[in-house]
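K.L.:
give me a model of this one.
(chains A and B)
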Amino acid sequence: MAEMKYSKLFGKTRHGVLRSGELVSHQLLTKAGYIRESTAGRYFFLPLGWRVHEKIKRVIKEEMDRAGAQEMVAPVLHPFELWQETNRDNTTGFELMQVTDRSGRQFALGGTAEEMFVDVVRRFQISHKDLPFNIYQFSTKFRDELRARGGLLRVREFVMKDAYSFDRDEAAFKIEYEKMKQTYMTIFKRLGLETKAVEADNGYIGGEYCHELVVEHPLGESHYVESEDGAVCQHVDVAKFKKEAKNLNDDLLPYKQVEAVRGKTMEEGVKLHGLPLWQQLKDVLYKDKRGKLFLAIIRGDLSVGEAKLLHVAKADYLEPAEDEDVSRIGSYPGFISPVGLEDKVTIVADTSLRTVKNMYGGANKQNLDALNMNIDRDFKPHFEGDIAQASDGFQTEDGTQTLKVKRGIEVGNIFQLGYHYTQKMKDAVFVDKDGTLKPYYMGCYGIGLGRTMATIVEKFHDDKGINWPTVVAPYQAHLITIGNNEQETMSHSEQVYRQLTQAGIEVLWDDREESPGKKFADADWIGLPVRLVVSAKTLRQGSGQAGEKVEWKERTKDAAEVIDLAEVIKRLKTI
RNA sequence: CGGAGUGUAGGUCAUCGGUAGACCGCUCGGUUCGGGACCGAGAGGUAGAGAGUUCAAUUCUCUCCACUCCGACCA
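P.N.:
Okay, here's the model as predicted:
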């Protein structure tokens, strides 16, 4: 239905104060009658909110279809065996929500649907001639988030558009991946959002690389670094940077131990020895689910990035160890050293240890430090790689630019999956030209609709309320009648309303008997692109013919003008 | 899951060992009508649930539940 009387609309604006500390988008969407919270992280989308949601959906669908993808839908309850098949039934950090039916059959409430889409594909006989294809759905996803927050930004239940591509090989996939990246950029651009493709970590989804589509925002949860020219744009989890050589021209000095009465912090070490922070050896102890210990060692002025550490240590879960664990390996908190611990822990060294000589730090005993520690000579790591976290002001790998840390909201994500799923799941194969069976090379692509909606509000609002971009506005025009007590203005409004409707314009008519001030305030909150007013004033400006003159005001502008209804319709048809 | 906190009317909050109030909102009547109008009348609460202490519990204690914030975690 393209038109609506505000008096009949379910979900009115809510006046009064809301709990403080909420995000602007959450406040405005709640106050203006778009959403209502059910339980933590689960929301009702009210009629107004659902219209916006559906409009976002339409844009996504148009662009996905244009890119050759095909919409379908999979069951929400996923047979649990599928998740066991890919070993994701007990992946750490991703608690699956489960349900059991009367006969005891177990299902997972899907938080993502790679297995389901592979499963449907393998039910068909597919040849290389059928490839490539990309199938997608809009469906409710369940995430057992430890903590929902930020209104619609991080929820436990939400509609996601998830797409899955099936290709013959990596080369073919890369074309699809690039096409999806462009499609996503286009989708968000149409929605009014400027996005950046940020290289990120695949996490439990698997695969080797992925990009987050991020909208820069000071409260976003994605932290990424960007170079001045924008050529480098990486999530801090994976961001690479230059580790400049420090004192590589120094001679190797003999290892020795000295008494060191100090506290446990790095700063106290610097003070005691009078040596630079970067020459200090930083040791961070981690443990996995089974209690196996990993010692991450890195140059003192850098910090360990846990996502990178997982990759280098080939672990799938690590958490900081406790002081008891430190004692267990015969060391002392604040005085850990890799020297002599090779047999007790898995040592993971950052490549930065190659940029410095004669390092100092603890010696595994309280108040005992070691001087002139050197990699290879004094300790040998089991793994060595880049485990350092990028930080503001660091240099790009080639040393030509400075990196800046930024925050953003991740509205979409595209993943290379490769053979990650098709090798684990049997029969996920097609018949190639030479008649042999080969696994699909996959990718997957997601967009959270509610989060996108909230992000749009974050970007498009002022102190008076929301200001929807035309494409997603629930209605195009907000018609206000001033003077409900007068027969003339009411009948005039009714006619304007009818004519707009007949012209196919989506119009919300505030026909209530409320004060003008309240109607204006509500209109600003709701945030439709154009506000139309019919009143005694506009009536007087016409020649007395009903439905002739209407006041026109755009939400983003201060000026209002009184124009012919025909002109109103003409303008609304072209915005 | 660790730390902190909150649960009283539809919303925001007050009160207090003797079973509850304000403001906003809502309903009705009247007056208003170009930036959240005014007057009058009215409806609305088993004080999150359970247990305990007490002559008496919304108030004190305990347990549970829900929610918020910080952390951890996380397309």
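K.L.:
beta partners of the residue nearest in space to the middle of chain A?
P.N.:
Among the residues of chain A, the one closest to the centroid is A:E410, at 2.3 Å (Cα atoms, centre = their mean). Going by DSSP bridges, A:E410 is paired in beta bridges with A:V214.
K.L.:
just A:F133 next, same as before
P.N.:
A:F166.
K.L.:
about what we covered before: please verify my assumption that the residue nearest to the centre of chain A contacts A:E216.
P.N.:
No. With contact defined as Cβ atoms under 8 Å, A:E410 does not count as touching A:E216 (11.2 Å). No exception for glycine: its C-beta is placed from N, CA and C like everyone else's.
K.L.:
confidence score at the closest residue to A:E486 other than its chain neighbours?
P.N.:
Nearest residue to A:E486, sequence neighbours excluded (Cβ to Cβ, 6 or more residues apart in numbering): A:A536, at 6.9 Å. Looking at A:A536, its pLDDT stands at 90.
K.L.:
same question for A:L18.
P.N.:
61.
K.L.:
how close does A:R14 sit to A:K519?
P.N.:
16 Å (Cβ to Cβ, to the nearest Å).
K.L.:
between those two, which one's more packed in?
P.N.:
A:K519 (21 against 12; other Cβ atoms under 10 Å).
K.L.:
that one belongs to a helix?
P.N.:
Yes. Under DSSP: H, G, I helix; E, B strand; the rest coil, A:K519 falls within a helix.
K.L.:
can you pull the contacts of it?
P.N.:
With contact taken as Cβ atoms under 8 Å, 6 or more residues apart in numbering, A:K519 is in contact with A:480, A:482, A:510, A:512.
K.L.:
just name the closest of the residues you listed to RNA strand B, please.
P.N.:
Of all the contacts of A:K519, RNA strand B sits closest to A:I482, with 4.6 Å by Cβ to the nearest atom of the strand.
K.L.:
how near is that closest one to A:T13?
P.N.:
From A:I482 to A:T13 the distance is 18 Å (Cβ to Cβ).
K.L.:
and if you look at A:G206?
P.N.:
Applying Cβ to Cβ to A:G206 and A:T13 gives a distance of 45 Å.
K.L.:
for A:E322, same thing?
P.N.:
51 Å.
K.L.:
these two: which is more packed in?
P.N.:
Comparing A:E322 with A:T13 by neighbour count (other Cβ under 10 Å), the higher total belongs to A:T13, at 19 against 12.
K.L.:
residues in contact with the more buried one?
P.N.:
A:31-33, A:522, A:525-526.
K.L.:
most neighbours among these, which one?
P.N.:
Counting by other Cβ under 10 Å, top hit in the contacts of A:T13: A:I526 with 28 neighbours.
K.L.:
show me how chain A divides into domains.
P.N.:
A:22-239+A:405-457, A:256-385, A:475-574 (automatic domain parsing).
K.L.:
hang on, A:E561 packs against A:K549?
P.N.:
No. Judged on Cβ under 8 Å, A:E561 makes no contact with A:K549 at a distance of 10.3 Å.
K.L.:
the two - which one has more neighbours?
P.N.:
A:K549 (22 against 11).
K.L.:
A:G49 against A:Y34, yeah?
P.N.:
Yes. The pair A:G49 and A:Y34 qualifies as a contact (Cβ under 8 Å) at a distance of 3.5 Å.
K.L.:
anything in contact with each of these two?
P.N.:
A:11, A:474.
K.L.:
which of the two has more neighbours?
P.N.:
Applying other Cβ under 10 Å to A:G49 and A:Y34 shows that A:Y34 carries more neighbours, namely 31 against 23.
K.L.:
quick check, pLDDT for that one.
P.N.:
Looking at A:Y34, the pLDDT reads 95.
K.L.:
how about the one 10 residues further on?
P.N.:
At A:F44 the predicted local distance difference test score is 92.
K.L.:
A:V52 too?
P.N.:
pLDDT at A:V52 comes out at 97.
K.L.:
the host helix or strand of it: which residues count as buried?
P.N.:
For A:V52, the host element (DSSP states H and E) is helix A:47-66. For helix A:47-66, burial by neighbour count (16 or more other Cβ atoms under 10 Å) applies to A:48-53, A:55-57, A:59-61, A:63-64.
K.L.:
tell me the one among those nearest to RNA strand B.
P.N.:
A:I60 (11.1 Å).
K.L.:
OK, contacts around the closest one?
P.N.:
A:138, A:161, A:187, A:447, A:449.
K.L.:
quick check: A:Q395 touching A:K243?
P.N.:
No. In this structure, A:Q395 is not within contact of A:K243 by Cβ under 8 Å, at 9.0 Å.
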